[in-house]
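# A predicted structure for the sequence below; I have some questions about it.
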Amino acid sequence: KNVRINLNGRTITLKSNIVNEGNLEITDESEDNNGRINGEVTAIYNRKNLTITKGTIEGKIYGISNYYGNIVIGTKDENVNDTDVTIIGNTYGIENYSTTKIIKMYDGIVKGRYTSESYVSETEQGYIPYTYTDGKYQVLALKVEAPVARVSGEDYSTLQEAINACASGETIEILRDAEERQTVEIANDKNIILDLKGYTVKSASEKTLINNGTLKIANSSGTIYNNASNGVALENNGTFKLEKGTIQSYYNTAIINRGNAEIKGGTVIGNVYGIHNEQNGNITVSSGTVEAGQYSIYNDSINTINITGGTIRINYCYNSKTSWYGIYNNVSANINITGGKIVSSISGGNYEYYYGIYNKENGNIVLSEIDGIYVNTSSGYSYGIYNNGEGKVTLENGKIEAKGEYLSYGIRNVAKGDIEVKKGDIKAISSNGYAYGIENGSLGKLKISGGNITAETTKGASYGIRNISISMLNITGGNITAKGTQSYRSWTVRPEE
């Protein structure tokens with residue numbers, strides 16, 4: 001039921017208490033607002049929805065006992081006062097049986113021998129809950145929140161307000177850790193430099209920050225953070241550069257990129273996706289770290305991915321997964337790697353498939369002067385590069401190393417793709433199974449003019465090259481080595497006609 005009690009300046013004295021199992025509103029429309037409810041032990045037991053906009057609620061032990069219900073104190077009208085509502089109990093003003101935040105507090109005070117700010121889920125914008133001591137009572141009240149951001153000497157209570165006031169090319173400085181209640185958005189005509197100053201801006205909204213303009217995060221450390229279950233820390237639809245700081249999603253995606261994103265420093269951390277590159281997005285990584293628990297970079301854009309430096313790292317994922325990827329190229333985009341490295345090193349657990357690069361469709365991959373692709377797991381299967389389609393993989397220089405327990409492949413060329421090795425090192429190591437420096441699929445082409453290809457295993461068999469293609473191998477240089485109980489520098493199996 002929906003019940004509304006207007007105290008109208010009167011006092012209700014209870015020998016027992018009010019039990020609310022519906023929707024109860026208590027207010028006082030008298031001019032003096034001196035209406036009250038007095039309980040012998042507890043004034044109100046709340047099991048559902050209780051709203052108190054004016055008046056005093058007092059119990060000799062508990063003002064309100066809350067059994068997993070919701071409580072609203074005051075009126076959300078952008079005005080805050082501490083006189084409209086008073087809740088008093090000699091032990092607790094509000095006794096709360098729930099461990100979650102269930103109180104929306106817009107006005108008033110709560111007084112008791114014990115009280116806590118932790119149950120307050122929402123206040124007026126620009127205010128925060130706090131407690132102070134008044135004689136024998138602790139008092140829960142609201143106070144003005146310190147400013148979050150500064151632009152050209154002016155302080156703002158939210159990051160959104162600072163962004164709205166920021167002129168083109170100006171710098172926003174973050175002044176403290178802050179939790180934004182709504183997604184912060186940068187308009188397409190804005191050009192902003194964000195200096196996090198070592199602080200964290202976080203949100204439990206689906207997205208913490210959306211950039212439609214030009215954004216550079218620079219100068220200091222700090223974090224743009226999201227902890228929503230399917231959340232995104234940053235959605236970029238414009239131009240974005242990360243030079244300092246961290247973009248992090250605790251549960252899901254650090255960056256969704258549909259514009260131009262350049263990682264020049266700092267760290268990108270996602271639980272599932274580090275960077276999800278969509279639509280016509282462009283990605284360049286020249287420094288810093290991009291890491292995630294499943295896909296460090298997941299590409300759905302046809303544009304070339306450019307890696308010129310930095311680290312792409314595969315980490316443990318809090319969700320149960322069976323495959324992990326440094327770069328997952330889901331479309332026929334090209335990948336150009338001229339520096340940096342792709343690494344994973346995870347031990348223990350039931351981990352299964354690890355890929356430095358998974359090339360699903362027909363994109364071409366060129367690696368020149370790369371610091372290395374290192375896929376290292378103590379259990380499961382490891383692949384330096386898995387070439388699934390018709391694209392060409394060219395190693396001009398650098399290192400590819402895959403180390404696993406059961407199967408390890410430096411490069412696995414599954415279908416019609418081409419592999420060319422000009423220089424560099426390819427190595428596969430298995431501790432309890434098979435190791436393949438290069439496996440060339442049934443329609444693949446393999447050309448080797450230089451470099452070192454090595455396969456090692458302590459059990460099972462090792463193949464420097466395992467060729468099952470109808471095409472002839474084209475080897476004009478380089479070194480091919482296989483070590484183990486069964487070792488083959490080059491092994492060719494002709495498919496049946």
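Yep, it's here. These numbers come from a predicted model, not from an experiment.
# Could I get the full set of helices for the stretch 151-300 of the chain?
Taking DSSP state H, counting those that start in this stretch to define them, one finds helices in the stretch 151-300 of the chain at 159-165.
# Output the below-cut-off pLDDT ranges for it.
Judged by pLDDT under 70, the stretch 151-300 of the chain has no weakly predicted residues.
# Could you give me the buried positions within stretch 429-448?
Buried residues in stretch 429-448, defined by neighbour count with 16 or more other CB atoms under 10 Å: 429-431, 433-448. (Each C-beta comes from the backbone N, C-alpha and C, glycine too.)
# meant to ask about stretch 294-312, not that
294-301, 303-312.
# Now intersect the residues you listed with the strands, please.
Cross-referencing these against strands under DSSP state E gives 295-299, 305-312.
# Can you tell me the number of residues neighbouring the closest residue to residue 75 other than its chain neighbours?
Distances taken as CB to CB, 6 or more residues apart in numbering put residue 53 closest to residue 75, at 5.2 Å, once the chain neighbours are dropped. Applying other CB atoms under 10 Å, we find 19 residues neighbouring residue 53.
# Please report how far residue 53 lies from residue 479.
82 Å (CB to CB, to the nearest Å).
# now swap in residue 175 and tell me
From residue 175 to residue 479 the distance is 59 Å (CB to CB).
# out of these two, which sits in the more crowded spot?
Of the pair residue 175 and residue 479, residue 175 is the one with more neighbours under other CB under 10 Å, namely 16 against 13.
# pretty sure the more buried one contacts residue 146?
Yes: shown here, residue 175 and residue 146 form a contact pair, counting by CB atoms under 8 Å, at 7.0 Å.
# Now do the shared contacts for the two.
With CB atoms under 8 Å, 6 or more residues apart in numbering applied, the contact sets of residue 175 and residue 146 do not overlap.
# ok, now which ones touch the spatially closest residue to residue 112 that is not a sequence neighbour?
Once flanking residues are discounted, residue 112 sits nearest to residue 93: 3.8 Å by CB to CB, 6+ apart. Residues near residue 93 by CB under 8 Å, 6+ apart: 62-64, 87, 110-112, 115, 140.
# now, among the residues you listed, which is nearest to residue 195?
Sorting the contacts of residue 93 by how near they are to residue 195, with CB to CB, puts residue 140 at the top with 34.4 Å.
# List the neighbouring strands of the one helix or strand the closest one maps to plus their orientation.
Assigned by DSSP states H and E, residue 140 belongs to strand 137-144. Its sheet considered, strand 137-144 pairs with strand 109-112 (antiparallel), strand 127-134 (antiparallel) by DSSP bridges.
# ok, so what distance separates the spatially closest residue to residue 250 that is not a sequence neighbour from residue 117?
Closest residue to residue 250 apart from its sequence neighbours, by CB to CB, 6+ apart: residue 227 at 4.3 Å. Counting by CB to CB, the separation of residue 227 from residue 117 is 19 Å.
# And those two? Which one has more around it.
Using other CB under 10 Å, the more surrounded residue of residue 227 and residue 117 is residue 227, with 18 against 14.
# I'd say that one and residue 251 touch.
Yes: counting by CB under 8 Å, residue 251 is a contact partner of residue 227 at 6.6 Å.
# and residue 78, how many residues sit next to it?
Neighbours around residue 78, by other CB under 10 Å: 9.
# What of residue 25?
15.
# Residues in a beta bridge with residue 323, which ones?
With DSSP bridges as the rule, residue 323 is bridged to residue 353.
# Cross-check the contact I'm expecting between it and residue 293.
No: between residue 323 and residue 293 there is no contact under CB under 8 Å: 11.2 Å.
# So for those two, which sits in the more crowded spot?
More crowded of residue 323 and residue 293, by other CB under 10 Å: residue 293, with 21 against 16.
# so the more buried one sits right up against residue 269, yeah?
No: applying CB under 8 Å, one finds residue 293 not in contact with residue 269, separated by 9.2 Å.
# Identify the neighbouring strands of whichever strand or helix holds residue 121 in the sheet and state each direction.
According to DSSP H and E, residue 121 maps onto strand 120-122. Paired neighbours of strand 120-122 in the sheet (DSSP bridges): strand 103-105 (parallel).
# In the strand it pairs with, which residues are buried?
Going by neighbour count (16+ other CB under 10 Å), the buried part of strand 103-105 is 103-105.
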